[in-house]
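K.L.:
The sequence and its predicted three-dimensional model are supplied below.
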Amino acid sequence: DTGVSQNPRHKITKRGQNVTFRCDPISEHNRLYWYRQTLGQGPEFLTYFQNEAQLEKSRLLSDRFSAERPKGSFSTLEIQRTEQGDSAMYLCASSSRLAGASKYEQYFGPGTRLTVT
Amino acid sequence: AQSVSQHNHHVILSEAASLELGCNYSYGGTVNLFWYVQYPGQHLQLLLKYFSGDPLVKGIKGFEAEFIKSKFSFNLRKPSVQWSDTAEYFCAVNGGADGLTFGKGTHLIIQP
């Protein structure tokens, strides 16, 4: 059973640069989520896809952030013109296409740690 | 908007002690409740979940949690902790939205 994978695991970038992260969900899962986690905090929801459709976006997702899931499989999260405040762990999760409450059972990847210098 | 409050940010216990971690949420409708655990150097793992039915749910590694609707609580318990339970524990709720709302976490240290 392959879990959720994320690449890269670590990214160091200079302020003002663009970065892109990739998430590969569990293969049979059609729901995909992005979260951000800063030190001492729990994960904060950013956005959610069902198949290729982006159905929900948090107001945390500023216009510098964009997420895509073009074929309903892997997803990318891009941050343009990075700021030091963007430094965080970016987590991806997926959940299954089952009906009922089980579709809310999310499985997390290892995360991408972003450091903006 | 929903929110989750975890009362203890740092807990230190000795092995074999009993554990109870508090979690309260604010949301007036139907909720799904979760506890996740993050062991050192590992990613978030689902410990247990409550969707409906019996309010006392059992998870992996001897953990259990009780949903008390009138108190908006979902406390995590374990009768006898082990050194390997040292980890960060997060309570999360999902109600009216697809994303999870997490608490700030409780850092649990078990001393041998």
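P.N.:
All right, it came through fine. Quick caveat, the model's predicted, so the values are computed rather than measured.
K.L.:
Go ahead and confirm B:Leu44 touches B:Ala92.
P.N.:
No: assessed by C-beta atoms under 8 Å, B:Leu44 is found out of contact with B:Ala92, at 9.4 Å. Quick note: C-beta positions are derived from backbone N, CA and C, even for glycine.
K.L.:
what do those two both touch?
P.N.:
Overlap of the contact sets of B:Leu44 and B:Ala92 (by C-beta atoms under 8 Å, 6 or more residues apart in numbering or on different chains) consists of B:Tyr36.
K.L.:
Run through who's touching the least confident helix or strand in chain A by mean pLDDT.
P.N.:
When the helices and strands of chain A are scored by mean pLDDT, DSSP states H and E, strand A:53-57 comes last with a mean of 91. Here strand A:53-57 makes contact (C-beta under 8 Å, 6+ apart) with A:46-49, A:67-69, B:97-99.
K.L.:
make it 10 Å
P.N.:
Contacts to strand A:53-57, defined as C-beta atoms under 10 Å, 6 or more residues apart in numbering or on different chains, come from residues A:31-34, A:45-50, A:61, A:65-69, A:72, A:75, B:97-99.
K.L.:
Can you list the buried residues in the helix or strand following that strand?
P.N.:
Once the chain leaves strand A:53-57, the next helix or strand it forms, by DSSP states H and E, is strand A:65-68. Within strand A:65-68, the residues scored as buried using 16 or more other C-beta atoms under 10 Å in any protein chain shown are A:65, A:67.
K.L.:
The closest residue to B:Ile109 other than its chain neighbours and B:Leu108, how far apart?
P.N.:
Nearest residue to B:Ile109, sequence neighbours excluded (C-beta to C-beta, 6 or more residues apart in numbering or on different chains): B:Ile12, at 4.8 Å. B:Ile12 sits at a distance of 8 Å from B:Leu108 (criterion: C-beta to C-beta, to the nearest Å).
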